[in-house]
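1. Sequence first, predicted coordinates after that:
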Amino acid sequence: MRLIFLGPPGAGKGTMAKVLSKRYNVAHLSTGDLLRANIQARTSLGKEAASFVDNGKLVPDQLVIEMMRQRLREKDAKPGFILDGFPRTTEQAKALDQLLQEEEMEVGHAINFDASDKKIIERLSGRRICGKCGAIYHLKNIPPKQPGICDQCGSALIQRKDDAEDTVRKRLEVYRKETAPLIDYYERQKLLRTVPGDLNVDELDPILKKILV
Ligand code: AP5
C-alpha cells in the first residue's frame, strides 16, 4: 500500500495516517514530524527549516525533496507507506513522480481530506501532541486519559508553535496557493479520492476502509 495524504492543516491527515499505518503495517512518513524532529535535534536541516515551520511558511522545495528522497529509501518504507504532508507543491509532486519511477514504485491513491475552515480552526486550537512520541490529541475530541500526559508513552503533551491562530491562517493561505493545485494534479493522474475530513474518526474510518479494499 502506497498512499499520498493531501489536505489543509488540521484536516486529520496525521490522525488517520497513524490509524492506517498501524492497521496495514506500512510506514507513516510525515514531513512535518521529520522536520520537527530535525529542529529539536538541531541538525543543519533543522536549523534551516525552523523559521519557515514556526511561521507557517513552506520549507524550500530542495530541502524537503532531499529529506524525502533519503527517507523513502529506508527499509521500513519498502513494504509500503503513507506520505503525510508531502508533496505540497507542484515541484515536489514532480520530484516524487521521478523518485517513484527510479525506485519502480507506484502510488495507489492520493487521498484528499476536504475540511471546512471552521473545523480546522477548532481542531488546531485544541490540538496537543506528545513532545516525545508525536501522538496526536485534541482537548475535546480525542482527549488523553490523564490531562497533559501522553497515553502511549507517559510524556508531557505540548502545543505546536504553529498552531497559534495567526499562524494557522497563514498556513491556510499557503495551502490554498501552493498545495491545493495538487488536487487537479492527482485528478489528472486518476489517483484522487476525496473524503469528508470534517467527520469524526469513527465516521471517516469506514469510508477509508472502502477505498483501500
Ligand atoms: P505538518 O506537520 O505537515 O502540518 P500540516 O499539513 O499543516 O498538517 P497538520 O499536522 O496541522 O494537520 P493534520 O491534517 O495532520 O491534522 P491532525 O491529524 O494533526 O507541517 C508543518 C509545517 O512543516 C508546515 O507548515 C511547513 O512549514 C513544514 N512542511 C511540512 N511538509 C512540508 C513540505 N512538504 N514542504 C515544505 N514544507 C513542509 O489533526 C488536527 C487536530 O484535530 C488534532 O488535535 C486531532 O486530534 C484532531 N482531529 C483530527 N482528525 C479528527 C477527526 N476526524 N475527528 C475529530 N478530531 C480530529
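-> Everything's here; your move.
2. Not counting its neighbours along the chain, what's nearest residue 48?
-> Spatial nearest neighbour of residue 48, excluding adjacent residues (C-beta to C-beta, 6 or more residues apart in numbering): residue 63 at 6.1 Å. C-beta here means a position set from N, CA and C on the backbone, and glycine is covered the same way.
3. Phi and psi next, for that neighbour.
-> Residue 63 has phi and psi values of phi -70, psi -40 when expressed as degrees, to the nearest 10.
4. Check whether it really touches residue 46, as I assumed.
-> No. Using C-beta atoms under 8 Å, residue 63 is not in contact with residue 46, being 10.4 Å away.
5. list the helices and strands the host helix or strand of residue 33 packs on?
-> Taking DSSP states H and E as the criterion, the element that holds residue 33 is helix 31-40. In this structure, helix 31-40 makes packing contacts with helix 44-54, helix 61-72, strand 81-84, judged by 3 or more C-beta pairs under 8 Å, 6 or more residues apart in numbering; DSSP states H and E.
6. run the last query once more with 7 Å
-> Counting contacts by 3 or more C-beta pairs under 7 Å, 6 or more residues apart in numbering; DSSP states H and E, helix 31-40 is packed against helix 44-54, helix 61-72.
7. now for those helices, which one comes closest to residue 22?
-> Of all those, it is helix 61-72 that lies closest to residue 22, at 18.7 Å by C-beta to C-beta.
8. Might you enumerate the residues of this structure proximal to the ligand?
-> Contact residues (C-beta under 6 Å from any ligand atom) of the chain with the ligand: 7, 9-15, 31-32, 35, 52-53, 56-59, 64, 85-86, 88, 92, 123-124, 126-127, 136-138, 141-142, 162, 171, 199-201, 204.
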